[in-house]
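Engineer: Take this sequence and fold it.
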Amino acid sequence: MNRRDTSEAPGLRLTRRGFVQAGSGLLGMSLPGLLAARKASAAAGTTGRARSVIVILLSGGLGQHDSFDMKPDAPDGIRGEFNPIQTAVPGVHFCEHLPRLAARARDLAVVRSMSHREGNHLVAVHHVLTGMPSFPRGASDLDRVASRDDFPNYASVVDYVRGKGDGVPNGVALPLKLIEGPLTWPGQDAGFLGPRHDPWQLRIDPSNPDAGDGSLSLPDGLDAERLHRRRHLLSQAAAPAVAGDAFLDQQDAALAMLCDGKVAAAVDVDREDPALIDRYGRHIFGRSLLTARRLVEVGVPVIQATMGIVQTWDTHVANFPSLKDRLLPALDRAVSALLDDLKARGLLEETLVVMLGEFGRTPRISQLTPGAVPGRDHWPAVFPAVFAGAGVVGGQVIGKSDKLGAYAVTKTFGPPDLAATVYQALGVDPATELRDRLGRPLRLCAGDVMEPLYTTAEV
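Structural biologist: A predicted model of the protein is given here:
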């Protein structure tokens, strides 16, 4: 995309009529989850290394053979079309279409032995974004969609445990919600904790101005003081507030955000130096990760940045041309710029960056239908995850898959271990007790912190 396409995509502005609707999802954002003064759980008061976590989700599943765990000596039909290149770490190789990340390998810890059993997109995404398996109510995908009985995701748990009243959300997801037709992916919200703890959903699409682009400024002539007066008049005319009313809580949080202005400024990436925008890339990957960095600066603890839309990385068909021409170069550029930017601003040591798909891709290359351009199918048995920042020791590879890239031959790490690592980094005790909608006690996380991330492993 050229520079003109992005820079001229207008942001949405709040209209005079629209400001009282802020609690119902105006501007493409879901505002539940921004409540004031929540009671802390057993984890309150603990302190982790990370001030923020950025989860870069490769929705659809990134193939291990074509990215961070290449098998150049595997037979035809498995090794694929790409060549490995030497990274900045001797003996460690990445795909040739990830040259920028290869050059920054000393900042990265690559785990090559992530694993779980979920081969379905919906339940696998829930597992990765919550650390807990979902419990489908039937065999079809329609029985696996998001439900208020789901386990809460990272941002929602942080909101429940900590609470904030300063107009800055505890969690933001971008650029688009994971929805396809009648299917809404589970794992994107607070589940049984209720909508008041949902993260914000921010819509960003440089190629589609109507989708929104993150501008949250008040309209001309409406300042914060005037907005407060209107809110007061509205409260006088309305029925008496009920303590704990979710809608009023959300509306108050929305108004606090609009009056504060920090978040509005953070999502307005056009304030950045055009040269920096170019370094991230003028596409949805770059726009999303530049926004993520700006959200880190204003103190958002959990940012989920999905690289694309639902199943962007689901390369059953045309795996190699899709990765080569469209996906890997944009990802390489955007993630490398994010790492450089965080480091230059002194933020990398307090920001945990995690990048992974919900699973990997099959070792064997196949055709989805006769005559289709070859691709790879779903493969949860082993897949890679990349970590950086917040005390993670870079320049190392953790775990190993077999010679075909089919199964791990070393210790595996699953979504519960990822969740324990994220929570520990944020200072949330993985043993925290939650209660579902029936009041039943549930442990927050059953996994173990991925300790090798914080020590030097043998490559």
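Engineer: Not counting residues beside it along the chain, what's closest to residue 182?
Structural biologist: Spatially, and ignoring its direct neighbours in sequence, residue 182 is nearest to residue 142 (6.5 Å; C-beta to C-beta, 6 or more residues apart in numbering). C-beta coordinates here come from the backbone N, C-alpha and C atoms, glycine included.
Engineer: go on, residue 131?
Structural biologist: Nearest non-adjacent residue to residue 131 (C-beta to C-beta, 6+ apart): residue 419, at 2.4 Å.
Engineer: which residues sit in contact with the one you found?
Structural biologist: Counting by C-beta atoms under 8 Å, 6 or more residues apart in numbering, residue 419 makes contact with 130-132, 154, 430, 444-445, 447.
Engineer: Please verify my assumption that residue 77 contacts residue 365.
Structural biologist: Yes. Counting by C-beta atoms under 8 Å, residue 365 is a contact partner of residue 77 at 5.4 Å.
Engineer: Between the two, which has more neighbouring residues?
Structural biologist: Neighbours of residue 77 and residue 365, each counted by other C-beta atoms under 10 Å, are more numerous for residue 365; the result is 21 against 11.
Engineer: And for the more buried one, nearest residue in space, chain neighbours not counted?
Structural biologist: residue 374 (4.9 Å).
Engineer: Could you double-check that residue 437 sits in contact with residue 149?
Structural biologist: Yes. The criterion here is C-beta under 8 Å, and residue 437 meets it with residue 149 at 6.7 Å.
Engineer: Pull up the overlap in contacts between the two.
Structural biologist: With C-beta under 8 Å, 6+ apart, residue 437 and residue 149 have common neighbours residue 192.
Engineer: The two: which has the busier surroundings?
Structural biologist: residue 149 (14 against 11).
Engineer: sorry, back to before: can you redo the contacts of residue 419 as JSON lines, where the extra columns are secondary structure?
Structural biologist: Listed next are the contacts of residue 419 as JSON lines, based on DSSP: H, G, I helix; E, B strand; the rest coil:
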{"residue": "130", "secondary structure": "helix"}
{"residue": "131", "secondary structure": "coil"}
{"residue": "132", "secondary structure": "coil"}
{"residue": "154", "secondary structure": "helix"}
{"residue": "430", "secondary structure": "coil"}
{"residue": "444", "secondary structure": "coil"}
{"residue": "445", "secondary structure": "coil"}
{"residue": "447", "secondary structure": "coil"}
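Engineer: Quick check: the gap between the residue minimising distance to the centre of the chain and residue 358.
Structural biologist: Residue closest to the average C-alpha location in the chain (C-alpha atoms, centre = their mean): residue 304, at 2.1 Å. Distance of residue 304 to residue 358, computed by C-beta to C-beta, to the nearest Å: 13 Å.
Engineer: Repeat that for residue 97.
Structural biologist: Residue 97 is 21 Å from residue 358, by C-beta to C-beta.
Engineer: neighbour count winner among the two?
Structural biologist: residue 358 (32 against 21).
Engineer: thinking that one is in contact with residue 128, fair?
Structural biologist: Yes. Counting by C-beta under 8 Å, residue 358 touches residue 128, with 5.0 Å between them.
Engineer: what residues do the two have in common as contacts?
Structural biologist: Here residue 358 and residue 128 have residue 57 as joint contacts, going by C-beta under 8 Å, 6+ apart.
Engineer: Let me see the mean pLDDT of the lengthiest helix in the chain.
Structural biologist: If you go by DSSP state H, the chain has its longest helix at helix 328-344. Here helix 328-344 scores 98 as its mean pLDDT.
Engineer: List the buried residues of it.
Structural biologist: 328-343 (16 or more other C-beta atoms under 10 Å).
Engineer: again, but for stretch 367-377
Structural biologist: The neighbour-count check on stretch 367-377 (16+ other C-beta under 10 Å) flags 374-377 as buried.
Engineer: wait, what's in contact with the residue nearest to the centre of the chain?
Structural biologist: Contacts of residue 304 (C-beta under 8 Å, 6+ apart): 54-55, 57, 129, 153-155, 171-174, 199.
Engineer: what residues does stretch 435-448 touch?
Structural biologist: 43, 131-132, 148-149, 151, 157, 192, 414-421, 423, 428-434.
Engineer: Could you rerun that using 6 Å?
Structural biologist: Stretch 435-448 is contacted by residues 131, 192, 416-417, 419-420, 423, 430, 432-434 when judged by C-beta atoms under 6 Å, 6 or more residues apart in numbering.
Engineer: cool, and stretch 58-69?
Structural biologist: Applying C-beta under 6 Å, 6+ apart, the external contacts of stretch 58-69 come out as 71, 80, 82, 94-95, 110, 112, 306-307, 310-314, 323, 357-361, 376, 383-384, 401, 405.
Engineer: now swap in stretch 106-126 and tell me
Structural biologist: Residues from elsewhere that reach stretch 106-126, judged by C-beta under 6 Å, 6+ apart: 68-69, 88, 127, 134, 144, 185-187, 339, 358-359, 378, 380-388, 392, 394-401, 408, 410, 412-415, 453.
Engineer: From these, which land in strands?
Structural biologist: If you go by DSSP state E, those have 378, 383-388, 396-398 in strands.
Engineer: For these, which two are the farthest from each other?
Structural biologist: 378 and 396 (27.8 Å; C-beta to C-beta).
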